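A.B. asks: Task: produce atomic coordinates for the following.
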Amino acid sequence: MTEVTDNTPKNPEQPEPRYGFETRAIHAGQEADPTTGSIIVPIYQTSTYVQDNLGQHKGYEYSRTGNPTRTALEQCIASLEDGKYGLGFASGMAAETTIMYLFSPGDHILMSDDVYGGSYRLFERVLARYGLQFDCADMTDPSNVRKEMRDNTKAVWIETPSNPLMKLIDIAEVSAIAKERGARVIVDNTFASPYSQQPLTLGADIVVHSTTKYLGGHSDAVGGLVVLNDDEMYEKLAFLQNAVGAVPGPMDCFLVLRGVKTLGIRMRAHESNARKIAQFLVQHPKVERVRYPGIASHPQHDLAGRQMRSFGGMISFEVKGGFEEAKRIVERTRLFALAESLGGVESLIEHPGVMTHASVADSPLKVPDNLIRLSVGIEDSDDLIRDLAVAMG
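C.D. replies: Numbering: from 1, shown residues only. Okay, here's the model as predicted:
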């Protein structure tokens, strides 16, 4: 796999410019097809590749090992994260699982205390059976990371903003603490997207995404991506990507690559709508608490301003009346579809305790039973606010 380039037209007489995010989203890794001139990267729907002679090929041998459509996506996401290498996977969970193969029985991984329910389930109910050790810490106070690290701590797993409580973690400070002890820092950047936040530039070692969410953006593809800079770690993960085989098909890669082209403008629309809805919720008499980094009452609002380019489109809020009132609201919206997942152009509403986080009901990860999570889409903001007002009325 080649290193990432910006892949925009080049003039050898001029120095290479540093292209902006939106330019790289459209061009990085996406040169015109050399055979036909197609401006869009083709879907290389093939399982194998003809070799010129024994041991001589054009860079691809078998599509589990590499596929040109996947390579384009991997190079593009690496560029957007200001990273050197990208690796594609069949889902976000496949990406997380493959990362965990870097570690050995007896290794300890410290994770933030509000991670995605699927991540916790993978760590505690699958991987712990094979000798990996996991603990949670409230990383909103970075000093807790130092307190909870052990001699055998090999990694710190950060999710910021977190799912579903919208906690923020100071990536730079936690990374500095972890590296004092020789531990790697892994950041799940799904909620923020590389448009809003670039953890590698803040000291993280590995970034992981569910491309199903904001990167794809249209709720029509499932996938995962890993981005990193370290050459040796990349070689290990590339080996594992091929050996484990949890890779995405070319059609899913094509759909995510198409979605990434509009990531910048979509994220601005998501954030604009989310800001307006958060302010509506703050003033609503039936709302106890709004969790959105873009409002001044969020406990890490200042950190969000320093660490994030934008505040994103995810909101969680707690309602008066407990579970029954939360249930009533999520079942009454019309534009906000009652569904799991997030990050698509359409707005979604869910009850984390019953839906995305049901698997952690008996774990240290506590989700209030009156908590509602919104993935704010890019519809007309007035329509979305009206939909919530009617459902909450």
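A.B. asks: wouldn't residue 59 be in contact with residue 66 here?
C.D. replies: Yes: using C-beta atoms under 8 Å, residue 59 is in contact with residue 66, at 7.3 Å. The way it works is simple: take the backbone N, C-alpha and C, and place the C-beta from them, glycine included.
A.B. asks: of these two, who's got more company?
C.D. replies: The neighbour count for residue 59 versus residue 66, taken as other C-beta atoms under 10 Å, is higher for residue 66 (20 against 10).
A.B. asks: quick check, the more buried one in a helix?
C.D. replies: No: Residue 66 is assigned coil when assessed by DSSP: H, G, I helix; E, B strand; the rest coil, not a helix.
A.B. asks: so what's it closest to, chain neighbours aside?
C.D. replies: residue 60 (5.1 Å; C-beta to C-beta, 6 or more residues apart in numbering).
A.B. asks: Tell me if the one you found really is in a helix.
C.D. replies: No: assessed with three-state DSSP, residue 60 is coil; it does not lie in a helix.
A.B. asks: neighbours of it, just the number please.
C.D. replies: Neighbours of residue 60 (other C-beta under 10 Å): 17.
A.B. asks: measure it to residue 24 for me?
C.D. replies: 24 Å (C-beta to C-beta, to the nearest Å).
A.B. asks: Can you verify my assumption that residue 192 contacts residue 312?
C.D. replies: Yes: contact criterion C-beta under 8 Å: residue 192 and residue 312 qualify, at 5.8 Å.
A.B. asks: intersection of neighbour lists for the two?
C.D. replies: Common neighbours of residue 192 and residue 312, using C-beta atoms under 8 Å, 6 or more residues apart in numbering, are residue 161.
A.B. asks: okay, and the helix or strand of this structure with the least pLDDT?
C.D. replies: In the chain, no helix or strand scores lower on mean pLDDT, DSSP states H and E than helix 117-125, which sits at a mean of 94.
A.B. asks: Enumerate the positions of the next helix or strand along the chain from it that are buried.
C.D. replies: Next helix or strand after helix 117-125 toward the C-terminus (DSSP states H and E): strand 133-137. Buried residues in strand 133-137, counted by 16 or more other C-beta atoms under 10 Å: 133-134, 136-137.
A.B. asks: Stretch 116-136 too?
C.D. replies: So for stretch 116-136, counting by 16+ other C-beta under 10 Å, buried means 116-124, 127, 132-134, 136.
A.B. asks: which ones are touching the closest residue to residue 187 other than its chain neighbours?
C.D. replies: Nearest in space to residue 187, with sequence neighbours left out and distances taken as C-beta to C-beta, 6+ apart, is residue 199 at 3.9 Å. Contact analysis of residue 199 by C-beta under 8 Å, 6+ apart lists 81, 158, 171, 185, 187, 189, 207.
A.B. asks: Go ahead and measure how far the one helix or strand residue 176 maps to is from the middle of the chain.
C.D. replies: Element membership for residue 176, per DSSP H and E: helix 171-180. Here helix 171-180 is found 20 Å from its chain centre; the criterion is C-alpha atoms, centre = their mean, to the nearest Å.
A.B. asks: Mind listing residues that contact the helix or strand following it?
C.D. replies: Following helix 171-180 in sequence order, the next helix or strand is strand 184-188 (DSSP H and E). Contact partners of strand 184-188, identified using C-beta under 8 Å, 6+ apart, comprise 96, 99, 102, 115-116, 119, 154-160, 171, 174-175, 178-179, 199, 203-209, 233.
A.B. asks: What strands line up against strand 184-188, and which way round?
C.D. replies: Strand 184-188 sits in its sheet next to strand 153-159 (parallel), strand 206-210 (parallel), going by DSSP bridges.
A.B. asks: Any idea how far the first one is from the middle of the chain?
C.D. replies: Strand 153-159 sits 16 Å away from the centroid of its parent chain (C-alpha atoms, centre = their mean).
A.B. asks: Stretch 198-210 too?
C.D. replies: On C-alpha atoms, centre = their mean, the centre of stretch 198-210 falls 10 Å from the chain's centre.
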